Structures are given as C-alpha cells and as structure tokens.
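[1] I would like the atomic coordinates for the input below:
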Amino acid sequence: MRNLGLIFLVLIFFFHEHKFNFQVRAEDGLFITSKREHFMLNGTPFYANGFNAYWLMYVASDPSQRNKISSAFQQATNHGLKIARTWAFRDGGYSPLQYSPGFYNQQMFQGLDFVIYEAGKYGIKLILSLVNNYEDYGGKKQYVDWARNVSSDDDFFTNSVVKGYYKNHIKAVLTRQNSITGIVYKEDPIIMAWELMNEPRCTTDASGRTIQAWITEMAAYLKSIDSNHLLEAGLEGFYGQSDAHKQQNNPYFQVGTDFLTNNHIPDIDFATVHSYPDQWLTNQSDEAQLSFLNNWLNSHIQDAQNILQKPLLFAEFGKSSKDNQYNTYQRDELFNTVYSAIYSSAREGGVAAGGLFWQLLTEGMDNFRDGYEIIFSESPSTANVIADQSQKLNNISKMYT
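    Predicted structure coming up:
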C-alpha cells in the first residue's frame with residue numbers, strides 16, 4: 001500500500017515537472033475526499049497539521065521573490081506541515097488578480113500557478129479561498145462597487161449582477177490551465193479544497209437566511225464545474241438561530257451565519273472554525289479567553305461529530321504579539337489548547353482533522369507582519385509545539401496505512 005502511494009506521488013510530480021496536459025479524477029486516489037466524518041487520501045483517513053499564508057500568490061507574482069514561497073514550503077515541510085490555506089483573489093486596487101469583472105492580470109495568475117506547482121514539489125495540499133468578506137484585497141465591497149447602483153456591501157449575497165460576477169470568477173479560477181504544469185486547476189490534486197469566502201458575514205440579516213441561500217447557490221454552481229475537489233464555506237463557526245441554546249457559545253455578536261445549517265448544505269464537504277479569543281474577548285483575562293476557547297473547540301467538535309457528521313478543520317487561530325502583556329508562553333499555551341482538542345478527537349478517529357495557524361512568514365517579510373506571524377527562526381518554542389503536533393497527527397495517519 002505504501003509503495004502504491006509512493007508511485008502515485010512520483011507520477012503526479014513527474015507530470016507537474018514535464019507539463020503534460022492530462023486529466024485526473026477524484027476516484028483515481030490522488031485527491032483528498034471526504035467520507036462521512038473523515039478526510040480520505042488513497043483510501044485511508046487523512047489527518048494533517050497546516051498553516052495560513054494568504055500572501056503566496058501576490059509574492060510569487062514577482063519572479064525575483066519566488067524564493068520566499070520555496071523557503072516557506074521547505075520550512076513548513078521541515079515542521080511536518082501538509083496543508084496551506086491561501087488567497088486565490090485580489091479584486092481591483094493595486095496589483096490585482098481581477099482588474100474588473102472577467103478581466104485578469106496574467107502575471108498574478110502566473111504567481112498562483114507557481115504556488116500550486118511549488119506546493120506539489122513539497123507535498124503540500126492547498127486550500128484556495130475565492131473572495132474576501134472584508135475590503136482587504138477588494139472583497140465583496142469591490143464586487144458591489146463594480147455593479148454600481150447597489151446600496152449595501154451585503155447585496156453581494158443577493159444582487160443578481162454581483163452574483164454573476166462572482167460565478168464568473170469561480171469559473172475563471174477553476175478552469176485555469178497552469179502555465180507551468182499544463183494541468184487545469186479543477187483537475188489538480190495538489191489542490192485540496194476550494195473556499196467560497198474568507199469569513200462570510202451578513203450583518204444586515206441576522207436570521208441567516210441570506211447566507212444560507214448564497215452558500216447553497218454558489219456551492220451547487222462550483223460543484224457543477226468541479227466534482228473532484230472538496231468545498232467549504234469559509235465560516236468562523238458562529239452559531240445562529242437554528243439553535244438558541246448553542247448561541248451562548250458565541251462571542252457577544254451575531255454575523256448572520258449559522259455553523260450548523262450552513263455546513264449541513266449537501267455540497268459543503270467539511271466544516272471550518274476560526275478561533276481568535278484575543279479579538280473577540282478583548283476586555284477579558286487570558287484565563288477567561290482560554291476557558292472560552294476550550295468550550296468553543298469542544299462544542300464544535302461534538303457538533304461536527306454528532307450533528308453534521310462531516311470532517312472539521314480549525315482553519316484559523318492565533319494570538320497577537322501586539323496584545324498588552326503578550327508573551328510567547330501565552331501564545332504557546334493557546335496553540336497547545338487548540339492542538340490538544342484536535343488530537344484528542346483525531347486519536348479516537350473523530351472529526352477534527354487538523355489545525356491551520358495564522359500565519360506563516362519567512363525571514364525578510366516585515367511588511368507582512370500583523371502580530372500573528374510565526375517565523376520559525378524567531379520562535380523556537382512555538383516551532384517545537386507545531387512540529388510536535390504534526391508528528392502526532394502523522395502517527396495517526398500512519399496507523400491507518
């Protein structure tokens with residue numbers, strides 16, 4: 001079984017290197033798929049540690065800076081990381097991917113081509129997000145501005161013109177042929193999953209019906225183009241009106257999403273949760289934030305296991321060094337809290353399949369620092385925590401193979 005898996009990996013890397021244009025389907029065993037509460041790869045459950053690096057495409061669009069992508073992937077591999085989440089969008093503004101609806105910057109697209117190609121070399125699977133909820137890098141506001149005569153940013157979810165623009169972007173990305181490998185994105189097993197939106201929120205409709213309808217429509221559209229890859233919505237994990245009791249697990253705000261109903265949509269293959277107690281509970285002590293985090297983690301694991309029966313990724317978490325009285329021990333404690341919850345579920349064959357910390361940088365990227373950055377050479381204790389979790393999850397995967 002191991003030899004067969006190795007042969008598959010050698011073949012896919014060979015095709016990447018030699019630009020063969022060929023079709024691969026999910027049933028061929030190279031894609032990560034889902035089966036009830038598990039991710040599956042080559043017929044066995046897949047557990048893996050990972051990271052966020054939203055900047056990959058942008059930096060790679062400058063060929064002179066591509067060594068940073070290679071360095072990040074090399075360092076990630078050295079620490080056992082196997083999943084990277086990054087942006088497949090830059091809408092309008094400076095150095096965009098999409099200048100205006102349907103018009104693309106080929107230099108930026110070639111940067112994404114390189115990211116996918118390089119991830120394949122290092123055995124890293126990618127989760128590609130397709131639009132932002134926020135104004136950073138365009139987001140839903142840019143789509144609404146393109147449409148004109150639209151009053152609210154949240155009309156992104158309901159206006160037919162805006163939805164058409166977004167569907168066209170989905171199609172443009174999924175049907176893109178990689179200029180390095182010759183492989184169409186929707187046929188590339190290096191991509192693990194698509195994400196409809198980074199942290200969708202619709203505060204003008206607290207009922208959740210708007211977001212529910214939008215996810216349902218866009219998920220079905222994406223799946224009509226690409227049946228190979230997994231799909232997730234990009235949710236933070238807030239509970240909505242489908243269960244008033246569950247809402248007590250939220251921070252003190254509502255954003256028009258519902259962890260349970262949104263993830264129950266059949267075309268959504270797995271659930272995601274983000275965890276930022278330092279942002280959500282700014283006036284509470286570190287101990288209170290950790291107590292909230294423990295409950296937040298365990299509640300979502302139980303609900304994904306017992307209600308959704310779908311895999312669960314903790315797709316963003318971190319602690320900012322800009323917080324008052326910050327120290328590395330506090331960050332390591334938060335990482336250990338997240339990792340312990342994941343491992344406790346995974347070792348029992350449960351739904352928690354991995355965690356993706358925010359965010360990985362390499363040396364010489366000071367312009368990208370946001371307080372949450374992890375640079376392994378600067379943070380040896382955190383690096384050890386990350387590598388230890390990677391080894392634990394890898395050992396679980398090995399048990400199945």
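[2] and the gap between residue 205 and residue 162?
    From residue 205 across to residue 162, the span is 15 Å (Cβ to Cβ, to the nearest Å). C-beta here means a position set from N, CA and C on the backbone, and glycine is covered the same way.
[3] same deal with residue 103?
    As for residue 103, its distance to residue 162 is 16 Å (criterion: Cβ to Cβ).
[4] what about these two, which has more around it?
    With neighbours defined as other Cβ atoms under 10 Å, residue 103 and residue 162 compare such that residue 162 has more, 21 against 9.
[5] Pretty sure residue 156 is one of the things that one touches, is it not?
    Yes: with contact defined as Cβ atoms under 8 Å, residue 162 reaches residue 156; the gap is 5.2 Å.
[6] Under a three-state scheme, what state does the closest residue in space to residue 204 that isn't next to it in sequence occupy?
    Leaving aside its sequence neighbours, residue 204 sits nearest to residue 154 (Cβ to Cβ, 6 or more residues apart in numbering; 4.5 Å). Judged by DSSP: H, G, I helix; E, B strand; the rest coil, the three-state class of residue 154 is helix.
[7] Spit out the contact partners of residue 154.
    Each residue near residue 154 by Cβ atoms under 8 Å, 6 or more residues apart in numbering is listed here: 140, 202, 203, 204, 205, 210.
[8] Please apply the same query to residue 97.
    57, 88, 89, 90, 91, 104, 105, 108, 109, 112.
[9] let's see it at 6 Å
    For residue 97, the contact set (Cβ atoms under 6 Å, 6 or more residues apart in numbering) comprises 90, 105, 108.
[10] Same check on residue 179?
    Shown in contact with residue 179 (Cβ under 6 Å, 6+ apart): 110, 113.
[11] Any idea which residue is closest to the centre of this protein?
    Note on the chain: the residue nearest the mean C-alpha position is residue 85, at 4.1 Å, using Cα atoms, centre = their mean.
[12] For that one, which non-adjacent residue is spatially closest?
    Closest to residue 85 by Cβ to Cβ, 6+ apart is residue 127, at 4.2 Å.
[13] on that earlier part again, could you check how far the residue nearest to residue 204 is from residue 144?
    Distance, residue 154 to residue 144, using Cβ to Cβ: 9 Å.
[14] Any chance of the backbone angles for residue 285?
    Backbone torsions for residue 285, taken as degrees, to the nearest 10, come to phi -70, psi 170.
[15] Residue 70 versus that one, what's the distance?
    Counting by Cβ to Cβ, the gap from residue 285 to residue 70 is 41 Å.
[16] more neighbours, the two?
    Neighbour count, other Cβ under 10 Å: between residue 285 and residue 70, residue 70 has more, with 15 against 9.
[17] which secondary structure element contains the residue located most distally from the centre of the chain?
    Residue farthest from the centre of the chain, counting by Cα atoms, centre = their mean, is residue 149 at 32.2 Å. Counting by DSSP states H and E, no helix or strand carries residue 149.
[18] can you pull out the strands in the stretch 101-250 of the chain?
    Using DSSP state E, counting those that start in this stretch, the strands of the stretch 101-250 of the chain run over 103-104, 125-129, 191-195, 230-232.
[19] Looking at those, which one is packed in the most?
    The highest mean neighbour count among the strands of the stretch 101-250 of the chain, using mean count of other Cβ atoms under 10 Å, belongs to strand 191-195: a mean of 26.
[20] I'd like the distance from it to the chain centre, please.
    Here strand 191-195 is found 8 Å from its chain centre; the criterion is Cα atoms, centre = their mean, to the nearest Å.
[21] Adjacent strands (with direction) for it?
    Its sheet considered, strand 191-195 pairs with strand 125-129 (parallel), strand 230-232 (parallel) by DSSP bridges.
[22] Of those strands, which is nearest residue 308?
    Closest approach to residue 308 among these (Cβ to Cβ): strand 230-232, 11.8 Å.
[23] ok, residues contacting whichever helix or strand comes after that closest one?
    Once the chain leaves strand 230-232, the next helix or strand it forms, by DSSP H and E, is helix 259-264. Defining contact as Cβ under 6 Å, 6+ apart, one finds that helix 259-264 is touched by 212, 215, 233, 235, 237, 239, 242, 271, 308.
[24] All set, thanks.
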